Each structure stands twice: as C-alpha cells, then as structure tokens.
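Undergrad: only the shape, not the letters, is given here:
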C-alpha cells in the first residue's frame with residue numbers, strides 16, 4: 001500500500017502494460033479549453049503543515065492490522081528538479097493487505113514552494129519478488145516520466161496543461177482546502193505513467209473516534225476515476241490549525257482498507273504561502 005490510501009489506489013496494482021486513459025497518454029493535448037479541475041485553497045499566510053513534521057499511520061483491512069506508513073516533511077532544498085520541500089514516506093504492509101504478497105516501498109516527493117504542486121516524484125516499490133520504479137518530473141510544459149518493472153523500462157512525456165500532482169503532494173494539499181460544506185474538489189494525480197482524475201466534495205463536519213479520542217473533522221468524499229472503473233476514498237481532515245488527515249478509508253471489491261493517524265510530531269519551521 002502506498003503511504004496514503006489515495007496513493008494506494010493509484011499504485012497498488014501497477015502493470016507495465018496498464019491501459020492509459022483517453023487523452024492522458026503521450027499524445028498532443030486536445031484543442032479547446034480543458035474542463036476545470038481545481039479546488040479553492042485557504043487564505044491563511046502560513047500553510048497548515050511545517051518543516052520537520054512527522055506523521056505515522058496504522059493500516060488495517062476489514063479490521064485486521066495490516067501494516068504502517070510514515071511521512072516526514074523536510075526543509076527547502078535545491079535539487080536538479082528545482083527548489084522544493086522534500087516529503088519522504090516509508091510504508092510496509094503484510095500479505096493480507098496487499099492480497100498476494102508483502103508490499104514495501106519508499107517514496108520521495110518534491111513540493112513546489114510557489115503553488116504547493118509537484119516538482120518531482122520517485123516511488124520505489126517491491127511487491128513479493130518484483131520491483132517497480134516510478135519517476136516523474138513536473139514542469140510548466142507537462143510531465144516527463146519513466147516506469148520500470150524489473151529490468152523492463154518505459155518512458156514518455158505528457159504535454160499540454162497537465163501539471164498535476166503526485167499522490168503525496170495532493171494529500172498535503174487536501175489539508176489546505178478552504179473548507180466549506182458542499183465545496184467541490186478536483187485534481188489530476190500522476191501514478192505509474194498515467195494521470196487520473198480525482199474529484200469529490202467536502203461533505204460536512206463530523207466528530208470521529210480516533211486513537212487520540214474524539215476529534216472534530218471535515219469529511220471529504222473523493223472518487224478516483226480509472227477509465228470506466230471508479231474507487232471511493234473518504235478522508236477525514238482535522239479542524240485544528242495543523243489539519244492532519246486523521247483517517248482515510250478506501251473501498252474496493254476486496255474489502256475496505258483504513259489508515260488511522262497514530263503519531264503526529266509538529267514541525268518547527270512554518271511554511272509561508274507565496
């Protein structure tokens with residue numbers, strides 16, 4: 001399972017020959033304006049997450065403990081892909097969670113300080129004996145990607161207005177919504193050489209039971225579009241100043257996977273909105 005359940009939906013079943021969505025391959029972009037896919041951000045001068053923040057989540061499937069994931073948001077760094085804040089994630093699930101085999105991985109993402117979008121994404125995933133490596137560089141002209149399964153490699157470009165997010169960055173952006181009931185949410189998220197549309201709505205305020213006790217949250221209902229197939233993801237974002245994701249649930253035919261926040265270390269250095 002990828003570090004968060006959105007990432008899981010995008011990355012759990014990678015395949016070298018997975019079909020690309022219409023209009024999202026390496027073909028030139030279509031003429032005419034693309035449908036609006038965006039969301040409204042908060043207006044605060046400081047972002048809800050800070051440099052040095054650490055998050056640890058416990059994963060369960062059908063109520064059975066199945067793994068863990070941890071995240072750390074680093075400082076602003078200069079890299080070959082531009083300046084950005086590093087997000088590092090480690091995750092591991094057992095065979096019960098990943099259905100067929102143990103799953104382990106490390107993910108690196110680079111958060112653009114200008115608009116909180118993606119600059120670079122690297123996912124190293126091992127499922128059983130098979131290794132997967134996914135790379136994507138995000139720029140104003142589109143996305144350059146490369147995808148490896150074992151010794152096989154494919155690479156390509158997505159051009160046009162397809163800046164997009166990677167699975168880690170989009171989840172940090174969910175904490176920065178201008179939360180209001182019935183607010184629409186939409187993002188195009190990259191994963192394993194494909195852009196998928198993720199859209200939904202901020203449904204309502206809700207008090208949920210967590211490992212830390214009852215917490216006031218916003219419930220966000222998302223749909224992940226994969227061609228004709230759709231997956232339902234529910235995310236509960238805290239109403240406190242830091243707005244962590246307290247819980248996420250991904251529903252599929254194989255059962256419901258839940259990720260719950262077990263530990264939250266606040267960052268020391270604030271990140272200011274540019």
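TA: The structure has been received and is ready for your questions. All of these numbers come straight from a predicted model, not from anything done at the bench.
Undergrad: what about the helices in the protein?
TA: Using DSSP state H, the helices found in the chain span residues 5-11, 167-174.
Undergrad: give me the nearest residue to residue 48, chain neighbours excluded.
TA: Once flanking residues are discounted, residue 48 sits nearest to residue 243: 4.2 Å by Cβ to Cβ, 6 or more residues apart in numbering. C-betas here are computed from N, CA, C, even on glycine.
Undergrad: state the pLDDT value of that neighbour.
TA: Per-residue confidence (pLDDT) for residue 243: 96.
Undergrad: cool, and residue 2?
TA: At residue 2, the model reports a pLDDT of 38.
Undergrad: any idea how far the nearest residue to residue 106 once chain neighbours are set aside lies from residue 131?
TA: Leaving aside its sequence neighbours, residue 106 sits nearest to residue 124 (Cβ to Cβ, 6+ apart; 5.0 Å). Separation of residue 124 from residue 131 (Cβ to Cβ, to the nearest Å): 7 Å.
Undergrad: try residue 260
TA: Look at residue 260 and residue 131: by Cβ to Cβ, they are 29 Å apart.
Undergrad: ok, these two, which is more surrounded?
TA: The residue with more neighbours, out of residue 260 and residue 131 and counting by other Cβ atoms under 10 Å, is residue 260; that gives 19 against 14.
Undergrad: what's across from that one in the sheet?
TA: residue 58, residue 247 (DSSP bridges).
Undergrad: which residues does the residue nearest to residue 48 contact?
TA: Residues near residue 243 by Cβ atoms under 8 Å, 6 or more residues apart in numbering: 48-49, 175-176, 237.
Undergrad: ok, the residue lying closest to residue 42 once chain neighbours are set aside - contacts?
TA: Closest residue in space to residue 42, ignoring its immediate chain neighbours: residue 178 at 5.0 Å, by Cβ to Cβ, 6+ apart. By Cβ under 8 Å, 6+ apart, the contact set of residue 178 is 40-43.
Undergrad: okay, residue 178: pLDDT?
TA: 91.
Undergrad: then residue 17?
TA: Residue 17 is assigned a predicted lDDT (pLDDT) of 37.
Undergrad: same question, residue 48
TA: Note on residue 48: pLDDT of 96.
Undergrad: and residue 10, by the same measure?
TA: So residue 10 comes in at 47 (pLDDT).
Undergrad: now swap in the one 4 residues further on and tell me
TA: Taken from the predicted model, the pLDDT recorded for residue 14 is 41.
Undergrad: I'd say residue 195 and residue 158 touch.
TA: Yes: between residue 195 and residue 158 there is a contact at 6.5 Å, judged by Cβ atoms under 8 Å.
Undergrad: residue nearest the centroid of this protein?
TA: residue 167 (2.3 Å; Cα atoms, centre = their mean).
Undergrad: circling back: among the contacts of residue 243, the buried ones, what's the ChimeraX command?
TA: Those of the contacts of residue 243 that count as buried under 16 or more other Cβ atoms under 10 Å are selected in ChimeraX with:
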select :48,49,175,176,237
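Undergrad: widest-spaced pair of the contacts of residue 243?
TA: Spatially, the most separated pair among these is 49 and 237, at 11.7 Å (Cβ to Cβ).
Undergrad: name the residues contacting each of those two.
TA: 175, 243.
Undergrad: report how many residues lie close to residue 230.
TA: Neighbour tally, residue 230, other Cβ under 10 Å: 9.
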